[in-house]
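[1] okay, here's the prediction I keep looking at, along with the sequence it came from:
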Amino acid sequence: MARRRISAEDGRTALEKVAAGSAGRSELATAVRFTLEELTELAPGNSVEVRVPPFGVTQCVEGPRHTRGTPPNVVETDATTWLALVTGTLGWADAVAAGRIFASGQRADLSGWLPFLPDRM
């Protein structure tokens with residue numbers, strides 16, 4: 001289980017502000033970090049590194065553990081794209097096709113876990 005740093009209440013509040021278009025940088029950061037924590041609970045493991053610069057990074061998905069250097073399975077995207085994927089307003093395949101996600105490695109397809117907070121935005 002992932003170690004929680006952001007309460008569910010704070011995470012939901014941040015997501016609501018993002019959805020309403022009233023989020024500042026702090027709320028955007030909280031929403032991203034909260035959803036990365038959620039992903040880690042849904043897909044525990046250390047084989048994929050998910051990066052949403054500059055706000056957060058997590059490791060998830062069962063499989064071989066990575067400990068040094070650049071991970072073999074990486075997903076990287078911006079905060080807006082990440083939150084759209086999490087909430088279902090953007091599909092994985094569409095985001096990849098549009099070049100909004102960098103995904104490398106055999107385990108870097110997160111479509112099986114996304115969206116996990118539909119109707120939040």
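    Thanks, I have the structure now.
[2] the helices in the chain, which residues?
    All helices of the chain, identified by DSSP state H, fall at 8-20, 25-42, 79-87, 92-97.
[3] same list (those helices) but as CSV, adding distance to T58, mean pLDDT and mean neighbour count.
    C-betas here are computed from N, CA, C, even on glycine. Output for these, formatted as CSV (distance: least, Cβ to Cβ, whole Å; pLDDT from 0 to 100; neighbours: other Cβ atoms under 10 Å):
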stretch, distance to T58, mean pLDDT, mean neighbour count
helix 8-20, 14, 95, 17
helix 25-42, 4, 96, 20
helix 79-87, 11, 96, 22
helix 92-97, 17, 96, 14
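[4] for E62, give me its contacts.
    Residues counted as contacts of E62 (Cβ atoms under 8 Å, 6 or more residues apart in numbering) are 43-45, 47.
[5] report the buried members of these.
    With burial judged by 16 or more other Cβ atoms under 10 Å, the buried subset of these is 43, 47.
[6] what about T70, neighbour count?
    Using other Cβ atoms under 10 Å, T70 has 8 neighbouring residues.
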